[in-house]
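Peer 1: Everything below, folded, please.
(one chain, ligands or ions: 2)
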Amino acid sequence: MMLTLPDALTADQVAQFRHALERATWQDGRATAGHVALEAKRNEQLAANDPLAVQLGNAILDALGGNPLFISATLPLKVLPPSFNRYAGGGTYGNHVDNAIRALPGSAHRVRTDISATLFLTPPEDYDGGELVIEDTYGSHAVKLPAGHLVLYPGTSVHRVTPVTRGVRLAAFFWVQSLVRDQTQRETLYRLDTAIQQLTREAPQSSALVELTGVYHNLLRQWSHT
Ligand SMILES: O=C(O)CCC(=O)C(=O)O
Ligand SMILES: [Fe+2]
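Peer 2: Numbers count the residues shown, from 1 in each chain. Ligands and ions are numbered 1, 2, ... in the order given. Model prediction:
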């Protein structure tokens, strides 16, 4: 399932992020690429231990921790600290699949990348190209979102970023290990939760709500791994 989360950051937060990132120290993105991605990757990134990356990454995690849509869609067990990238002057990232397992910086902890996320930080009218193209079983989707919007997509997908031929594209990206590893089960729970939320608004007195909420939790109990 591919899903857009509108306004993951407020307009004020996006403005602060862009102000800080325009003055940041960028490094060649190939420093963190595996040997397949090495060929394909032409962008810049902040170092994982850059204090700015840590500070802005924590602000993103704080915002998402209070975002019901993010929680419902990802059922997060572990979220990797967000990284930041920059594409300009034809910068691009060719087709690749993200590594299945990533280490939490400075720790022995490993995270399985069930879900990939890109948080767009530059308004789309400020650059040409820079679409995140995601291939899945339903075809190919070109994603270019307003600043502050986030896209979630399965970690299993082949994806690429098309060359940025005008302007600069700034983004944050990160991965989530979900309590529910199976994509189909995760999507079923998301759809059930969405329907329960709708019923809560439209028919709050319905006794079916108690039953459906019970079904949701009983499925989550069966399908989750902590
Ligand atoms: O810049 C993006 O939207 C995606 C970056 C990406 O695919 C990666 O770093 O693995
Ligand atoms: Fe990727």
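Peer 1: Give me the pLDDT value at Pro105.
Peer 2: Confidence at Pro105, expressed as pLDDT, is 79.
Peer 1: The nearest residue to it once chain neighbours are set aside and ligand 1, how far apart?
Peer 2: Distances taken as Cβ to Cβ, 6 or more residues apart in numbering put Ala48 closest to Pro105, at 4.9 Å, once the chain neighbours are dropped. Every residue, glycine included, has its C-beta placed from N, CA and C. Separation of Ala48 from ligand 1 (Cβ to the nearest ligand atom, to the nearest Å): 12 Å.
Peer 1: Quick check, pLDDT for the residue positioned nearest the centre of the chain.
Peer 2: For the chain, the residue nearest the mean C-alpha position is Ala117 (1.4 Å; Cα atoms, centre = their mean). pLDDT recorded at Ala117 is 98.
Peer 1: hey, which helix is longest across the chain?
Peer 2: helix 183-202 (DSSP state H).
Peer 1: helices and strands around it, which ones?
Peer 2: helix 68-74, helix 208-223 (3 or more Cβ pairs under 8 Å, 6 or more residues apart in numbering; DSSP states H and E).
Peer 1: in that helix, what counts as buried?
Peer 2: 183, 185-186, 189-190, 192-193, 196 (16 or more other Cβ atoms under 10 Å).
Peer 1: near ligand 1, which residues of this structure?
Peer 2: Contacts of the chain with ligand 1, taken as Cβ under 6 Å from any ligand atom, map to 85, 93, 98, 118, 132, 159, 161, 171, 173.
Peer 1: Including neighbour count and secondary structure, could those residues go into TSV?
Peer 2: Putting the residues of the chain next to ligand 1 into TSV (neighbours: other Cβ atoms under 10 Å; DSSP: H, G, I helix; E, B strand; the rest coil) gives the following:
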residue	neighbour count	secondary structure
Asn85	23	strand
Tyr93	21	strand
Asp98	16	coil
Thr118	22	strand
Leu132	22	strand
His159	23	strand
Val161	28	strand
Ala171	25	strand
Phe173	19	strand
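Peer 1: which one of these is nearest Gly148?
Peer 2: Ala171 (11.2 Å; Cβ to Cβ).
Peer 1: Surely the closest one and Asn85 touch.
Peer 2: Yes - using Cβ atoms under 8 Å, Ala171 is in contact with Asn85, at 5.6 Å.
Peer 1: And this structure, what are its domain boundaries?
Peer 2: Structural domains annotated on the chain: 3-178, 183-223, as defined by automatic domain parsing.
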